[in-house]
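[1] here is the input, now give the coordinates:
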Amino acid sequence: MTFRIDCHVKVLSDRVVERAKQAGLDAIVYAPHFTRLPEIRERAAAYSSEDLLVIPAREVFTGTWRNRRHVLALGLEEPVPDFIPFESAMAEFDRQDATVLVPHPDFANVSLDEDDLRTYAETIDAIEIFNPRHFPPDNRRARELADDLSMPPFTSSYAHLPRSVGVAHTAFDAPIESEADLLTALEDGIARRVVYDNGFDRWATTAAELGHLVYENTWKKVDRLFLSGTEPTHPQHIAYDGRFDDVAVY
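    Next up is the predicted model:
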């Protein structure tokens with residue numbers, strides 16, 4: 001028996017849950033942008049059911065907006081803000097013994113490159129080898145990195161839009177019935193298959209998601225969301241008790 005998990009979605013609603021069930025998924029990993037961990041956990045719990053497990057996670061934006069690395073962390077016990085140095089974030093994940101996944105490796109200015117992957121090989125638990133936002137050369141490069149570094153693979157829909165959920169998933173050869181089960185499967189390198197549709201639906205998803213990407217990377221939105229110091233995942237927000245004030249990049 002295999003358990004099918006979309007390992008990274010950005011949206012969560014009744015429509016998303018229905019879409020996930022239609023795609024035959026057993027679980028999704030919910031990691032919205034710029035949302036604090038307690039809120040993510042609360043929403044994940046509200047939408048979880050016997051039919052679909054929703055697992056909370058954080059995709060942390062490290063570094064500055066123009067030169068950032070995204071890291072997907074599961075199993076966090078304490079919140080970690082965005083816009084702190086990459087090295088500081090990785091040290092915090094180590095301290096919390098979090099499960100660390102690498103989305104869209106070596107892509108543009110938002111990803112870990114080969115040097116980063118080699119440096120933090122002991123911390124990283126899996127690397128994404130297919131992302132429907134990417135074109136074939138990007139996904140080939142990701143697979144090459146995983147193979148060269150002998151890192152376990154995963155895939156996801158990376159859905160920012162409900163229609164994208166389930167277009168790619170990771171099928172584990174082990175029961176995944178809780179958050180703890182998934183963390184164990186990822187950390188122990190449990191056998192899995194990367195499954196995705198490479199037909200019309202995949203390319204329609206790519207087009208729609210890339211259109212959304214253009215919107216979310218406008219400077220006006222960045223300025224409004226992150227640089228005031230009062231947003232939920234800003235490192236100087238009161239919720240972090242000053243722990244990250246000295247490393248905030250904004």
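
[2] of all the helices and strands in this structure, which has the lowest average confidence?
    helix 219-226 (a mean of 51; mean pLDDT, DSSP states H and E).

[3] kindly provide the distance from the spatially most central residue of the chain to residue 84.
    Nearest residue to the geometric centre of the chain (Cα atoms, centre = their mean): residue 72, 4.1 Å. From residue 72 across to residue 84, the span is 16 Å (Cβ to Cβ, to the nearest Å). To be clear about C-beta, it is placed using only N, CA and C from the backbone, and glycine gets the same treatment.

[4] one more: residue 116?
    15 Å.

[5] which one's more surrounded, the two?
    More neighbours surround residue 84 than the other of residue 116 and residue 84, with 25 against 19 (other Cβ atoms under 10 Å).

[6] quick check: closest non-adjacent residue to the residue nearest to the centre of the chain.
    residue 101 (4.2 Å; Cβ to Cβ, 6 or more residues apart in numbering).

[7] let me know the secondary structure of the one you found.
    strand (DSSP: H, G, I helix; E, B strand; the rest coil).

[8] dig out what it forms beta bridges with.
    Residue 101 forms beta bridges with residue 72, residue 126, as assigned by DSSP bridges.

[9] now the helices for this structure?
    14-22, 37-47, 86-96, 114-119, 136-149, 179-187, 200-216, 219-226 (DSSP state H).

[10] now stretch 186-201: average pLDDT?
    For stretch 186-201, mean pLDDT rounds to 89.

[11] equivalent analysis for stretch 1-14, please.
    The model assigns stretch 1-14 a mean pLDDT of 96.

[12] which other residues reach stretch 160-168?
    6, 9-11, 13, 15-16, 19-20, 22-25, 28, 130-132, 155-159, 194-197, 201-202, 205, 208-209, 212-213, 216 (Cβ atoms under 8 Å, 6 or more residues apart in numbering).

[13] may I see the buried residues of it?
    For stretch 160-168, a neighbour-count test (16 or more other Cβ atoms under 10 Å) marks 160-168 as buried.

[14] any idea how far the residue lying closest to residue 128 once chain neighbours are set aside is from residue 248?
    Distances taken as Cβ to Cβ, 6+ apart place residue 103 nearest to residue 128, at 5.0 Å, with adjacent residues excluded. As judged by Cβ to Cβ, residue 103 and residue 248 stand 23 Å apart.

[15] repeat for residue 82
    Taken as Cβ to Cβ, the span from residue 82 to residue 248 is 10 Å.

[16] who has more neighbours out of those two?
    residue 82 (27 against 18).

[17] angle of the biggest strand by length in the chain against helix 179-187?
    Using DSSP state E to define each element, the chain has its longest strand at strand 53-63. Strand 53-63 runs at 60 degrees relative to helix 179-187, counting by axes from the mean of the first three to the mean of the last three Cα atoms, to 10 degrees.

[18] which other helices and strands contact strand 53-63?
    Contacts defined by 3 or more Cβ pairs under 8 Å, 6 or more residues apart in numbering; DSSP states H and E place strand 53-63 against strand 27-30, helix 37-47, strand 68-74, helix 86-96, helix 179-187.

[19] could you redo the last one with a cut-off of 7 Å?
    Here strand 53-63 touches strand 27-30, helix 37-47, strand 68-74, helix 86-96, going by 3 or more Cβ pairs under 7 Å, 6 or more residues apart in numbering; DSSP states H and E.

[20] for the last one, what does the pLDDT average out to?
    For helix 86-96, the mean pLDDT works out to 98.
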